[in-house]
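Colleague: need the 3D shape of this:
(2 chains)
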There are 2 protein chains.
Amino acid sequence: MEKFSLQPIGYIRSSLKTLEDCPLQESEGAPEAVIEIDAAFAEGIQGLRVGAPLVLLTWFHLADRRVLKCYPRRETTAPEIGVFTTRSPDRPNPVGLHRVKVIEVLPGKLKVHPLEALDGTPVIDIKPDISPR
Amino acid sequence: MEKFSLQPIGYIRSSLKTLEDCPLQESEGAPEAVIEIDAAFAEGIQGLRVGAPLVLLTWFHLADRRVLKCYPRRETTAPEIGVFTTRSPDRPNPVGLHRVKVIEVLPGKLKVHPLEALDGTPVIDIKPDISPR
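Modeller: Coordinates of the predicted model:
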């Protein structure tokens, strides 16, 4: 089967150190976090400004990639549903999407808010968020 | 350097056969398309309904992954900007994001609209779209 290779462009630095620290959605009170951009990719953030709405793509490095069905929002009494109808991090290609705003631009780093991703989570892409807020 | 491996969960079938057929954004008039889910992952779409708003993650298989700076929206007279301030498909990890709605659910297939992705584009994830429209 065809495969593709991803390389992290950077890593998340966050006060969220364990899965138990993480809210289920950003809207439930996630902290700010810093994205440390790998030096090889630092040119790519040139022009990013405070206030810019972004979509971060992360790699859920702790995910169970065998999962195809799961319980909605950890409600284990409900029937299981297809994983592609959920935002579960446990999925075949565990890419996370996070809508954040830039709150500070530092050399090789971006401070963003709000972000429910664990400290050490790899970042695979950053895009401008063009959807309504 | 750390690397991760992605496997396609399916492929796009579309009337868009070449890059010249593609609008710059979905909002500029993209067609409907069919996602053919690989049999190994078909269980994952169980429960998806007509009308569901989705975010599709695709792999821009024709992308130039060395690009860190580019021209905004092909305006080659403007100064170059960091690729992470743009939606250019040419980027280090060429993952595409597409906001679509399900218009038909078929065995192992989803018909969605609108989608500006080339015929044959690999699909790497499907998530419910929880952002405002």
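Colleague: check for me that residue A:100 belongs to a helix.
Modeller: No. Using DSSP: H, G, I helix; E, B strand; the rest coil, the assignment for residue A:100 is strand, not a helix.
Colleague: how far away is it from residue B:58?
Modeller: For residue A:100, the distance to residue B:58 (Cβ to Cβ, to the nearest Å) stands at 22 Å. All C-beta spots, glycine's among them, are computed from the backbone N, C-alpha and C.
Colleague: same check on residue A:42?
Modeller: Using Cβ to Cβ, residue A:42 is found at 26 Å from residue B:58.
Colleague: who has more neighbours out of the two?
Modeller: Set residue A:42 next to residue B:58 and count neighbours by other Cβ atoms under 10 Å in any protein chain shown: residue B:58 wins out with 24 against 18.
Colleague: quick check, pLDDT for the more buried one.
Modeller: On the pLDDT scale, residue B:58 is placed at 98.
Colleague: what of residue A:74?
Modeller: 65.
Colleague: what do you get for the one 4 residues further on?
Modeller: Residue A:78 carries a pLDDT score of 82 in this model.
Colleague: that one contacts residue A:71, correct?
Modeller: Yes. The criterion here is Cβ atoms under 8 Å, and residue A:78 meets it with residue A:71 at 5.9 Å.
Colleague: check the gap between the closest residue to residue A:121 other than its chain neighbours and chain B for me.
Modeller: The spatial neighbour of residue A:121 that comes closest, neighbours along the chain excluded (Cβ to Cβ, 6 or more residues apart in numbering or on different chains), is residue A:12 at 4.3 Å. From residue A:12 across to chain B, the span is 14 Å (Cβ to the nearest Cβ, to the nearest Å).
Colleague: many thanks, have a good one.
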